[in-house]
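Participant: Just the structure for this:
(one chain, ligands or ions: 3)
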Amino acid sequence: MTGPAVPNHAVLAELTNVAHDAACQAASLIHDGRPDRVEVATTKTSPQDVVTAMDLAAEQCLRTYLHQVRPGDGILGEEQGYEPGTSGVTWVVDPIDGTVNYLYGLASYAVLVAAVTAPGVPDPATWTVLASCVRAPALDHTWTATRGGGAWCDGRQLHVGPPPELGLCLLGTGFGYRREVRERQGQVVAGLLPQVRDLRRMGSAGLDLCAVADGRLDLFYETGLNPWDLAAGALIAQEAGAQVSGLRGTCAGPAMTVAGHPGRLPELITYLEQARADDLV
Ligand code: IPD
Ligand code: CA
Ligand code: CA
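Facilitator: Numbering: from 1, shown residues only. Ligands and ions are numbered 1, 2, ... in the order given. The predicted structure is shown next:
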């Protein structure tokens with residue numbers, strides 16, 4: 001299937017700047033406005049799946065800014081859903097990725113902003129991610145990527161380094177919010193733990209993908225990610241030279257997202273396929 005055309009360099013550069021400015025604005029809002037005691041506003045898929053007033057305010061901030069500077073574009077956001085546009089570009093945003101960390105005062109949370117071109121509602125199976133930004137205000141780091149233009153962190157270009165053997169790989173993963181999903185995820189990760197250097201569960205899939213891009217993780221996988229969890233970080237990891245995909249030759253998506261150096265990722269994919277790790281969503 002042929003998707004919508006990828007815009008030229010000037011447009012891609014503009015989208016990267018807009019992603020950057022939008023993410024920085026919302027990130028300042030959630031960081032500077034974080035109350036000493038963050039309250040849960042509501043819950044979603046389980047009592048553990050929380051939304052704070054700041055998730056809602058940050059998404060509104062992103063929408064207001066994006067409407068102002070790119071009025072014809074669509075927006076898909078975690079908290080307010082999909083609003084179609086007319087330009088062929090849709091913004092896929094997660095106003096706080098790592099809300100549980102934000103709730104507890106842990107620094108690993110970020111605003112994720114990506115521009116995609118997609119036929120209809122953005123779907124990782126059919127979209128092309130054009131530009132993205134991940135801003136982590138409590139860590140004071142900003143990652144950006146432009147399709148075909150590389151990945152950057154705080155002005156430094158990122159290149160995924162040569163992979164260590166599997167036994168020396170630091171592996172990142174995450175867990176869903178529903179109990180039955182977590183039970184299965186726990187079984188899968190138990191089989192991997194003896195095979196790798198160690199495991200990290202940092203609590204933000206977007207930041208995990210940036211960590212693959214800048215070498216703070218060697219490998220990452222997670223089931224159950226939504227489009228807004230993965231659009232921004234996936235482009236950053238890919239533009240740094242990582243492979244980002246699903247299992248059995250599919251692309252990254254809700255069933256499975258794996259990321260890492262193309263020379264090491266196949267071993268992780270083989271394990272996950274044999275463990276039928278994607279059999280749970
Ligand atoms: C979550 C984080 C977490 C991942 C979950 C996501 P949220 O996003 O990315 O690391 O394990 O699957 O839902 O709820 O903090 O936006
Ligand atoms: Ca998220
Ligand atoms: Ca979120």
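
Participant: Only C-alpha atoms from now on, for both contacts and neighbour counts.
Facilitator: OK.

Participant: ok, L235 - how many residues close by?
Facilitator: Neighbour count for L235, taken as other CA atoms under 10 Å: 30.

Participant: which helices and strands does the host helix or strand of it pack with?
Facilitator: Here L235 sits within helix 227-239, counting by DSSP states H and E. Contacts defined by 3 or more CA pairs under 8 Å, 6 or more residues apart in numbering; DSSP states H and E place helix 227-239 against strand 89-97, strand 110-117, strand 128-136, strand 141-146, strand 150-153, helix 205-214, strand 243-245.

Participant: Go again with 7 Å.
Facilitator: The contact analysis (3 or more CA pairs under 7 Å, 6 or more residues apart in numbering; DSSP states H and E) places helix 227-239 against strand 89-97, strand 110-117, strand 128-136, strand 141-146, strand 150-153, helix 205-214.

Participant: Tell me the confidence at P194?
Facilitator: Here the pLDDT value assigned to P194 is 97.

Participant: Ramachandran coordinates for it?
Facilitator: When quoted as degrees, to the nearest 10, the phi and psi of P194 stand at phi -70, psi -10.

Participant: Which SSE is immediately downstream of the longest helix anywhere in the chain?
Facilitator: Assignment by DSSP state H gives helix 9-32 as the longest helix of the chain. Using DSSP H and E, the next helix or strand after helix 9-32 towards the C-terminus is strand 40-43.

Participant: Give me the residues contacting that next one.
Facilitator: D49, V50, V51, T52, A53 (CA atoms under 7 Å, 6 or more residues apart in numbering).

Participant: Check whether that strand comes near ligand 3.
Facilitator: No: if you take CA under 5 Å from the ion as the test, strand 40-43 misses ligand 3, and the best it gets is 11.7 Å.

Participant: Run the chain-centre distance for that strand.
Facilitator: 22 Å (CA atoms, centre = their mean, to the nearest Å).

Participant: Just give the strands next to that strand in its sheet, each with its orientation.
Facilitator: Partners of strand 40-43 in the sheet, by DSSP bridges, are strand 50-52 (antiparallel).

Participant: tell me the average confidence for the strand it pairs with?
Facilitator: Throughout strand 50-52, pLDDT has a mean value of 79.

Participant: Using PDB, write out every CA atom in the helix or strand following it.
Facilitator: Per DSSP H and E, the first helix or strand lying C-terminal to strand 50-52 is helix 53-69. Output in PDB follows, covering the C-alpha atoms of helix 53-69 (Å, rounded to 0.1, in the frame of the first residue of the first chain):
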ATOM      1  CA  ALA A  53      -5.200  17.300  36.300                       C
ATOM      2  CA  MET A  54      -1.800  18.000  34.700                       C
ATOM      3  CA  ASP A  55      -2.300  15.200  32.000                       C
ATOM      4  CA  LEU A  56      -5.500  17.100  31.000                       C
ATOM      5  CA  ALA A  57      -4.000  20.600  31.200                       C
ATOM      6  CA  ALA A  58      -0.900  19.500  29.300                       C
ATOM      7  CA  GLU A  59      -2.900  18.000  26.400                       C
ATOM      8  CA  GLN A  60      -5.000  21.100  26.200                       C
ATOM      9  CA  CYS A  61      -1.800  23.200  26.100                       C
ATOM     10  CA  LEU A  62      -0.500  21.000  23.200                       C
ATOM     11  CA  ARG A  63      -3.800  21.200  21.300                       C
ATOM     12  CA  THR A  64      -4.100  25.000  21.700                       C
ATOM     13  CA  TYR A  65      -0.500  25.600  20.500                       C
ATOM     14  CA  LEU A  66      -0.800  23.100  17.600                       C
ATOM     15  CA  HIS A  67      -4.100  24.600  16.400                       C
ATOM     16  CA  GLN A  68      -2.500  28.000  16.500                       C
ATOM     17  CA  VAL A  69       0.600  27.200  14.500                       C
END
